[in-house]
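**Student:** Take a look and give me a structure for this.
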Amino acid sequence: GREVHAGPLLLATVGNGAFCGGGFESCPYADLYDGLGELFIVNDIRRRDFIHLVPKYKSGQIFEVPGIEELTKYAQAEVITFEPLAAPTMQFVADGEFYETGAVKLEVMKQAIWVMVPAED
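**Tutor:** Next comes the predicted model:
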């Protein structure tokens, strides 16, 4: 029921589990059983600045970086919605598949399994 971020960003990760593709522990506080999605946002910083943070991000230690709260945002929620900012669509990756999409609403249902099915044209 609250807005966590409005405006440009470099990266946003949502997870119910701690790990995503390539062994990245992008949501280290995630709990498969709590019914909450973990939202981690990297503000609109330069990519070359983020490159220095990647080892900590990959190992799940990003929150140990001094001053990280100035560069990122973190939240937990049952429902997380993303909306494109300046264009009608945005890039979205789910389970390694790339999509060009409009708004995306992700909902975590306690004690359920999530299956994503692309919309048919």
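**Student:** quick one: stretch 37-47 to chain centroid distance?
**Tutor:** Stretch 37-47 has its C-alpha centroid displaced from the chain centroid by 7 Å (CA atoms, centre = their mean, to the nearest Å).
**Student:** Put the alpha carbons of it into PDB.
**Tutor:** Written as PDB, here are the backbone C-alpha positions of stretch 37-47 (Å, rounded to 0.1, in the frame of the first residue of the first chain):
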ATOM      1  CA  GLY A  37       8.400 -10.900  -1.900                       C
ATOM      2  CA  GLU A  38      11.700  -9.200  -1.400                       C
ATOM      3  CA  LEU A  39      12.200  -6.000  -3.400                       C
ATOM      4  CA  PHE A  40      15.700  -4.600  -3.900                       C
ATOM      5  CA  ILE A  41      16.200  -1.500  -6.000                       C
ATOM      6  CA  VAL A  42      19.500   0.000  -7.100                       C
ATOM      7  CA  ASN A  43      18.900   3.700  -7.700                       C
ATOM      8  CA  ASP A  44      19.800   5.400 -11.000                       C
ATOM      9  CA  ILE A  45      23.600   5.300 -10.400                       C
ATOM     10  CA  ARG A  46      26.200   4.900 -13.100                       C
ATOM     11  CA  ARG A  47      26.800   1.300 -14.200                       C
END
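**Student:** ok, and what's touching that stretch?
**Tutor:** Taking contacts as CB atoms under 8 Å, 6 or more residues apart in numbering, the residues outside stretch 37-47 that touch it are 4-5, 7-16, 26-27, 29-30, 50, 53, 62, 71-80, 106, 108. Backbone N, C-alpha and C define where each C-beta goes, glycine included.
**Student:** Okay, and which of those map to strands?
**Tutor:** Secondary structure from DSSP state E places 9-15, 72-77, 79-80, 106 of these in strands.
**Student:** Out of those, which comes closest to Tyr99?
**Tutor:** Out of those, the one with the shortest distance to Tyr99 is Leu106. That distance is 12.9 Å, counting by CB to CB.
**Student:** Could you pull up the residues touching the residue nearest to the closest one when sequence neighbours are not counted?
**Tutor:** In space, Leu106 comes closest to Ile80 once its chain neighbours are excluded; the distance is 4.7 Å by CB to CB, 6 or more residues apart in numbering. Taking CB under 8 Å, 6+ apart as the definition of contact, the neighbours of Ile80 are Val14, Gly37, Leu39, Lys105, Leu106, Glu107.
**Student:** All good on my end, thank you.
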